[in-house]
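1. have a look at this fold, sequence not included:
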C-alpha cells in the first residue's frame, strides 16, 4: 500500500508496543487525545512534525544508531550526550536555555514522563491550547535549529530561535 498520515496513524494505533496516553481509560481517552492534538492552533507543518516526533520517526542520531545507520549518536548541538528525543528537546544545555527564554512555563521541562507521546498527554492536561501551541512551535524551532547546524553549520543561539 501507499503510506499516508492516515495509514501511519492507523498503524500506530494498532501497535501494542507504543505507550498510550491515559491507557487505563481505553480507546475513548486515545480518541480525545488525538482530537485535542489535531486541534492545536498551529501551522499544519508543525502538527505533522510533532506527530512524527511522538511516533518516533524523526531522524534523531539515537534512532539512526539503533537502526545501524549512523555510528556517532552524540547530540548535534552539545556533542556530549546521546541525541535522544528527551535530550534534544528537553535536556541539552542550549535547549534548556531556549525554554527558559520562551514564554512557556519552566514546568514544561519537569514532566514526569519518558516518551514523547506520554509527554504530550501530560502537557494537554496541564496547559491550555494556546500554551500547547507555543510548546509545539518551540519543539519545531529546536528541530529546525538542530538541522541548520547539522546541514549548514549554522550554530544555534537561543535568542535567534
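-> On my side now, so go ahead. Because the structure is predicted, anything quoted here is derived from the model rather than measured.

2. apart from its neighbours in sequence, what residue is nearest residue 103?
-> For residue 103, ignoring the flanking residues on the chain, the nearest one in space by Cβ to Cβ, 6 or more residues apart in numbering is residue 134 at 6.3 Å. C-betas here are computed from N, CA, C, even on glycine.

3. quick one: buried residues of the strand or helix carrying that neighbour?
-> Element membership of residue 134 [criterion: DSSP states H and E] is helix 129-152. Residues of helix 129-152 classed as buried: 132-143, 145-146, 148 (neighbour count, 16 or more other Cβ atoms under 10 Å).

4. please identify which two of those are farthest apart in space.
-> 132 and 148 (24.7 Å; Cβ to Cβ).

5. from residue 156, how far off is residue 47?
-> 23 Å (Cβ to Cβ, to the nearest Å).

6. wait, residue 55
-> Counting by Cβ to Cβ, the gap from residue 55 to residue 156 is 24 Å.

7. of those two, which one has the most company?
-> residue 156 (21 against 17; other Cβ atoms under 10 Å).

8. list the contacts of the residue nearest the centre of the chain.
-> The geometric centre of the chain, computed from its C-alpha atoms, lies nearest to residue 53 (Cα atoms, centre = their mean), at 4.3 Å. Neighbouring residues of residue 53 by Cβ atoms under 8 Å, 6 or more residues apart in numbering: 85, 89, 116, 139, 143.

9. ditto for residue 95
-> Residue 95 touches 77, 88-89, 142, counting by Cβ under 8 Å, 6+ apart.

10. those in helices, which ones?
-> residue 142 (DSSP state H).

11. and which of the contacts of residue 95 is nearest residue 61?
-> In terms of Cβ to Cβ, no member of these lies closer to residue 61 than residue 88, at 8.7 Å.

12. okay, now that closest one: neighbour count?
-> When neighbours are defined as other Cβ under 10 Å, residue 88 has 26 of them.

13. what helix or strand does the spatially closest residue to residue 114 that is not a sequence neighbour sit in?
-> Spatial nearest neighbour of residue 114, chain neighbours left out: residue 86 (6.7 Å); criterion: Cβ to Cβ, 6+ apart. Using DSSP H and E, residue 86 maps to helix 85-86.

14. so what's the residue count around residue 50?
-> Applying other Cβ under 10 Å, we find 22 residues neighbouring residue 50.
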